[in-house]
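[1] quick one: sequence plus predicted model below, questions after.
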Amino acid sequence: MDELKKEHRASLLFRWIPIFLVILWSGGCYLSKTDPFLKGLDLKGFEQASPMVVYNRTNLFDYINGEAEVYLPLGFQLLYSQSYRKQENGGLIIVDVYDMATPKGAQDVFIKYTPKGGSLIQAVGASAWTDDYFVLFWRNNYFFRVWPDPSPISEEKPQLQDMINLSQAIDRVLL
């Protein structure tokens, strides 16, 4: 009788091992990085106009060839780039979000691009700035660049207030 119990226990053990391994393996299969665009943005007055493109340390030069040297030493991890359309007038706005791994990295990039001129913007990010063309801000590990799409696709160029409104809407998601 004891032999039967031992065989039964061994049989149960071998049945549960594959299930345990699947659970263990699938527990490690999740998105480890927080993606600010995957948080279900509900941006009143704006709609997504392009798929998100993600750049890493290897292909960052494809997007910002001359500037990559600024980001890489400061902890750059990923760049998320996506454009949004202002529903009212059709103006296209590009939002680039740089994951700098730490708040200090994001702040250091912000400081690098806002040395003089321009003006501070209240109620966006930890700190925000504009030169009336770009809106730059940072929050947590992220540095943001919000700017008009320079391509000829969009006849209507967004106004500065449109870019500030979009920046505020995105920033609210990160709070």
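    Structure's in. What do you need? Computed from a predicted structure; not experimentally measured.

[2] can you pull out the strands in the protein?
    Per DSSP state E, the chain carries strands over the ranges 46-48, 53-55, 78-86, 92-99, 119-120, 127-130, 135-139, 142-148.

[3] what comes up buried for stretch 155-164?
    158, 162-164 (16 or more other C-beta atoms under 10 Å). To be clear about C-beta, it is placed using only N, CA and C from the backbone, and glycine gets the same treatment.

[4] and what of stretch 161-175?
    By 16+ other C-beta under 10 Å, the buried positions in stretch 161-175 come out as 162-171.

[5] could you identify which of the strands of the chain is most buried?
    Across these, the average number of neighbours (mean count of other C-beta atoms under 10 Å) peaks for strand 135-139, which reaches a mean of 25.

[6] sketch out the low-pLDDT regions of this protein for me.
    By pLDDT under 70, the low-scoring segments of the chain are 1-42.

[7] how is it partitioned into domains?
    Following automatic domain parsing, one finds the domains of the chain at 1-30, 36-174.

[8] picking that back up, will you turn the strands of the chain into TSV that also has distance to residue 108?
    TSV is the format used below for the strands of the chain (distance: least, C-beta to C-beta, whole Å):
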stretch	distance to residue 108
strand 46-48	29
strand 53-55	19
strand 78-86	16
strand 92-99	11
strand 119-120	17
strand 127-130	12
strand 135-139	9
strand 142-148	9
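
[9] thought residue 60 was touching residue 71?
    Yes. Counting by C-beta atoms under 8 Å, residue 60 sits close enough to residue 71 to count as a contact (6.9 Å).
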